[in-house]
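Asker: Show me the folded form of this:
(2 chains)
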Amino acid sequence: MNYEPIICFETHVELKTETKLFCDCLVRYDAPPNTHICPVCTGQPGALPVLNKKAVEYAVKAGVALNCTINQKSRFARKNYFYPDLPKGYQISQYERPFCEDGYLEITGDDGRPYAVGIKRIHLEEDAGKLVHSSDSFDEADYSLVDYNRSCIPLIEIVCDHYRNPIRSVLEAKTYLEKLKQVLRYINISDCNMEMGQLRCDVNISLRPKGSDEFGNRVEIKNMASFRFIAEALEYEITRQTELLDQDQTILQETRLFDESKKITLPMRSKEDAPDYRYFPDPDLLDVHIDDFFLQSIKKSLPELPDQKANRMITEYGISQSDALILTRDRPISEFFGECAPLCRDKKRLSHWIIKELFKLLNDTSTSIRECPIQPRDMSDLMNLMSDGAITDTIGRTVLEEMFQDGGSPQDIIHQRGLQPIQDKQELEAIIQQVIDENPDAITQIKAGQTKPVDFLIGQVMKKTRGKADPKKIRNVIQDRFYN
Amino acid sequence: MELCDKSALELSRLLRKGEITSRDITESVFQRIHEKESSINAFITTTPDLAFQQADKADRRLRKEKNRSPLMGIPIAIKDILCTKGIRTTCGSKMLGNFFPAYHATVVDRILDQGAVLIGKTNMDEFGMGSSTENSIIGPTHNPLHPDYVSGGSSGGSAAAVAAGETILAIGTDTGGSIRLPSAFCGIVGMKPTYGRVSRYGLIAYASSLDQVGAMGRSVQDCALLLDEMTGHDPLDSTSADMAGSNFLDSITHDIKGIKIGIPKEYFIQGLDPRIQDHIMEAVSLLKANGATIREISLPHTQYAVSAYYLIATAEACSNLARYDGVRYGFRATDDIEDTITMYEATRSLGFGREVKRRIMLGTYVLSAGYYDAYYLKAQKVRTLIREDFIKAFENVDCIIAPVSPCLPFKLGEKMDDPLQMYLVDIYTVSLNLSGLPGMSIPCGSADGLPIGMQIIGRPFDEQMVFNVGYAYEELSGD
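Answerer: Residues are numbered from 1 along each chain as shown, chains lettered A, B, ... in the order given. Predicted coordinates for the structure are as follows:
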């Protein structure tokens, strides 16, 4: 039978606040173990949490960006369970009245049409510490150590809505995650670096016959460290569940772990063994009231989101949709484009040069746009010089490389490196004559009516002039010689 | 009269005049401890070396500083539930038997800054769970007035030390009556302020929404003197009230003319020892004769208070005490440990006493899926009703007078096998914790040589009224 998967993510995202959620310790990922800890984040007797307002601001920012309703009266709850990385024996999280509810994230569905993936809630909570085992394999470890640097770092959990526009394929799942990451990075509340654990996902998946309105039994998958593993886990789970359903077997409602080496999922615990977290409102913290002023200031501070930005590039600047999507993938790139565009006469040339030439330089040197020394004004000047025919694209490329190395204005670089185009007609004709003299065979072919050797000759002239000649002018001179 | 038997206020006056030194008082206190402690058992830890250092420092400051606190140079004992940096803090539990905090509780910081002299850490029911100070790792604290009797709990060590002259002042904590009951049983004055009045930072939590730190002394003024040094907003405690420190001592007055005092009819019923009732009614008449107006009031939800209290307190406790898992500090079981789970089980089975385990079990049950609405949520609704009872009552009266305990101090071991009987001792005190109200226990005569406590209850943050009425009664009764 044909089945439709229903996929729901629970995505944990660490917020990049200066300090932790309930104490003044700094948020640091690369510090030596247990160097950013205090009585609060190690759960010492008598220590009490004090809420970091910045984290609330970031959580609400995420909610606004993901089109959620913001609960102006919100509260924290304790999620009780025992684990050595959880110093208080409970995690301060949210249960009733999280900061954000009922939102959506618009993605491009598999059918190519916009699809608003439902988001049920976004809540704010504290991260746990990190266990370091004495051996790579947990089973062989003699002991484990705990690093509490991560304990109490603010996290938001973004929970997809099972019933409202759930994700329906692995491809949509990937699109959703990419888009989510993009938006969160745009609003600058997290770096979403998966290797550093700043973005972690659990996923629920169930299957149902295509066209059905019922829902199948859900399986939760944990332990996937990359988007690729998530896709693999989902593929495996779809195959496994399809086979079971085809044999009329029931899907057990359970939690499974992904094994990255074998690319399979394995049972971890059944629904009956699911822990009872005994949530209750945390009496150490007051209810949080988000007033209109705070909410409005957050809404105002929100940057233009990638979709809006891409649309604006298309309508205002006439950039192609595919270029607009590439240019808006990362906020710094889009901002670089945004700063260049108003100064630049030919926006298409600009987008083309950023995507083709600048990206190549960035990729080849593993540089980020933030580290790139090219100033928007200089980039725009370079584009305009080419648009005006003042320099050729070849020279443009050389100048761009130079600018990428050490910065500076294109005019200065052209001047210093003697890259000014050959303006003197006699000088140019002399070089062309030289090339003609050196290539008698080509001349014979041209005289015989072939046109290709003309391009060859132009190339030779360009080589000799190190690109400083205008190919159009060369062509004119050659054509004057042989065709008139 | 020995120095250790004098009031803090008088000692402060003598210190200011330079007639005595803090060292003199401290010596007197330790002399008394030397004589009596073996029969009282009020302290888990005494800190004589530190105390004499602090006393000498206070003496130097007394000579130099002009604007000094009346607390400077006065010996004080602190319940072993408040964190003291580098000084063992056990909570009366094996679980924290070797725990040395890395920081001072905010109140400890404040009173030491003002030059108080720390005598030691006082005995208590384990984690504050008990009404008799019998649930302690070091054994019970005996009532200084009657060694066969309990001191009341859970701040029994603090109350007994004050009563015996083993300290001048003491700090206690009160979750369901833990300052007021032992104060009543030991014949001293104990003040539980409004929830939020004193920072809870560094108070090892039993039930966070009910716990409050308070002052214990041998007079109303002594309690006011101490409390003034403890109050004021603390940015480290989100539930601490955003208000400046208090000035109760300077504002205290015994003028109670026109003050309206409420007597809750639900409190004076069967089950209350008639001797206690008689003494309190006598006290009320005395206040009336001196200008107060007496009104009967009704607190209709009183009968549900103990049940609601034990549901909410245990729910919070099971979560608050989850951190004692043997991983980071405190006791860890080491025999026959196979993995983390067996370590947790053994650590918590061996590290906690019976009463603590009983309350953790009860609280876990209360919060469990399927029971949460019927117990925890219902209890919260009752709590709201009880709070509203008081709000309504306070529309017509300025303060309320009630017993502290339905019974006189009982004998050691008498109620240990009957937890329900023990819980009922809290019947007149828990409502204040559920409502966050201030309440004071003040001595009000005795029966069979056993002290009786009268409770004065005020509006939220109107501790001044409580102090004034208490002070007036103290003067009138000539105690």
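Asker: so the closest residue to B:Arg180 other than its chain neighbours is in which element?
Answerer: Nearest residue to B:Arg180 in three dimensions, chain neighbours excluded: B:Ser441, at 3.9 Å (CB to CB, 6 or more residues apart in numbering or on different chains). C-beta coordinates here come from the backbone N, C-alpha and C atoms, glycine included. Taking DSSP states H and E as the definition, B:Ser441 sits inside strand B:439-447.
Asker: and if you look at A:Gly103?
Answerer: Assigned by DSSP H and E, A:Gly103 belongs to strand A:100-108.
Asker: for B:Gln53, same thing?
Answerer: When secondary structure is defined using DSSP H and E, the element that contains B:Gln53 is helix B:48-64.
Asker: Could you pick out the residues of chain A near chain B for me?
Answerer: A:39, A:42-51, A:78, A:80, A:82, A:84, A:87-90, A:146, A:276, A:278-280, A:283-286 (CB under 8 Å from any CB of the partner chain).
Asker: closest point of chain A to chain B, which residue?
Answerer: Taking CB to the nearest CB, chain B has its nearest neighbour within chain A at A:Gly89, 2.5 Å off.
Asker: From the rest of the structure, what touches the helix holding B:Gln53?
Answerer: Taking CB atoms under 8 Å, 6 or more residues apart in numbering or on different chains as the criterion, the residues outside helix B:48-64 that touch it are B:15-16, B:18, B:21-23, B:25-26, B:30, B:68, B:72-73, B:75, B:87, B:112, B:115-120.
Asker: Also stretch B:4-17?
Answerer: Defining contact as CB under 8 Å, 6+ apart, one finds that stretch B:4-17 is touched by B:3, B:20-22, B:25, B:28-29, B:31-32, B:62, B:70-75, B:165-169, B:217-219, B:221-222, B:225-226.
Asker: Would you confirm that the residue nearest to B:Arg180 contacts B:Ser183?
Answerer: Yes - B:Ser441 sits in contact with B:Ser183 when judged by CB atoms under 8 Å, with a separation of 4.1 Å.
Asker: on that earlier part again, now do the helix or strand just after the strand holding B:Ser441 against strand B:439-447: the angle between them, please.
Answerer: Using DSSP H and E, the helix or strand that directly follows strand B:439-447 along the chain is strand B:450-458. Relative orientation of strand B:450-458 with respect to strand B:439-447: 150 degrees, computed using axes from the mean of the first three to the mean of the last three CA atoms, to 10 degrees.
Asker: how near is B:Glu126 to A:Phe280?
Answerer: From B:Glu126 over to A:Phe280 the distance is 23 Å, taken as CB to CB, to the nearest Å.
Asker: rewinding a little: among the contacts of stretch B:4-17, which ones are buried?
Answerer: Applying 16 or more other CB atoms under 10 Å in any protein chain shown to the contacts of stretch B:4-17, the neighbour count classes B:3, B:20-22, B:25, B:28-29, B:32, B:62, B:70-75, B:165-169, B:217-219, B:221-222, B:225-226 as buried.
Asker: what are the ranges of the strands in the stretch 101-250 of chain A?
Answerer: In chain order, the stretch 101-250 of chain A shows strands spanning A:114-126, A:130-133, A:144-147, A:154-160, A:199-209, A:219-224, with DSSP state E, counting those that start in this stretch as the criterion.
Asker: Pick the most deeply packed of those.
Answerer: A comparison of the strands of the stretch 101-250 of chain A by mean neighbour count, using mean count of other CB atoms under 10 Å in any protein chain shown, puts strand A:154-160 on top with a mean of 24.
Asker: Parallel or antiparallel, list what pairs with that strand.
Answerer: Strand pairing for strand A:154-160, determined by DSSP bridges: strand A:3-14 (antiparallel), strand A:114-126 (antiparallel).
Asker: which other residues reach whatever helix or strand comes next after the shortest one?
Answerer: Next along the chain after strand A:3-14, taking DSSP H and E as the criterion, comes helix A:53-65. When contacts are defined by CB under 8 Å, 6+ apart, helix A:53-65 is touched by residues A:13, A:15-19, A:21, A:69-70, A:99-100, A:103, A:122-124, A:154, A:156, A:158, A:183-184, A:186-187, A:189-190, A:288, A:290, A:294-295, A:298-299, A:301-302, A:305.
Asker: Whichever of those end up buried, select them in ChimeraX.
Answerer: Command for ChimeraX, covering only those of the contacts of helix A:53-65 found buried under the criterion 16+ other CB under 10 Å:
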select /A:13,15,16,17,19,21,70,99,100,103,122,123,124,154,156,158,183,184,186,187,189,190,288,290,294,298,305
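Asker: hang on, the earlier thing: can you tell me which of the strands of the stretch 101-250 of chain A comes nearest to A:Gly418?
Answerer: Of all those, it is strand A:199-209 that lies closest to A:Gly418, at 49.9 Å by CB to CB.
Asker: for the record, mean pLDDT for the closest one?
Answerer: Over the span of strand A:199-209, the pLDDT mean works out to 96.
Asker: Over to stretch B:436-444?
Answerer: For stretch B:436-444, the mean per-residue pLDDT is 98.
Asker: With only the CA atoms kept, save that stretch in PDB.
Answerer: Once side chains and other backbone atoms are set aside, the C-alpha atoms of stretch B:436-444 remain, and they are given as PDB (Å, rounded to 0.1, in the frame of the first residue of the first chain):
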ATOM      1  CA  GLY B 436       2.200  34.100  53.200                       C
ATOM      2  CA  LEU B 437       1.200  36.100  56.300                       C
ATOM      3  CA  PRO B 438       3.500  37.200  59.100                       C
ATOM      4  CA  GLY B 439       2.900  35.600  62.500                       C
ATOM      5  CA  MET B 440       4.600  35.700  65.900                       C
ATOM      6  CA  SER B 441       4.600  33.400  68.800                       C
ATOM      7  CA  ILE B 442       4.800  35.100  72.100                       C
ATOM      8  CA  PRO B 443       4.900  33.500  75.600                       C
ATOM      9  CA  CYS B 444       1.400  33.600  77.200                       C
END
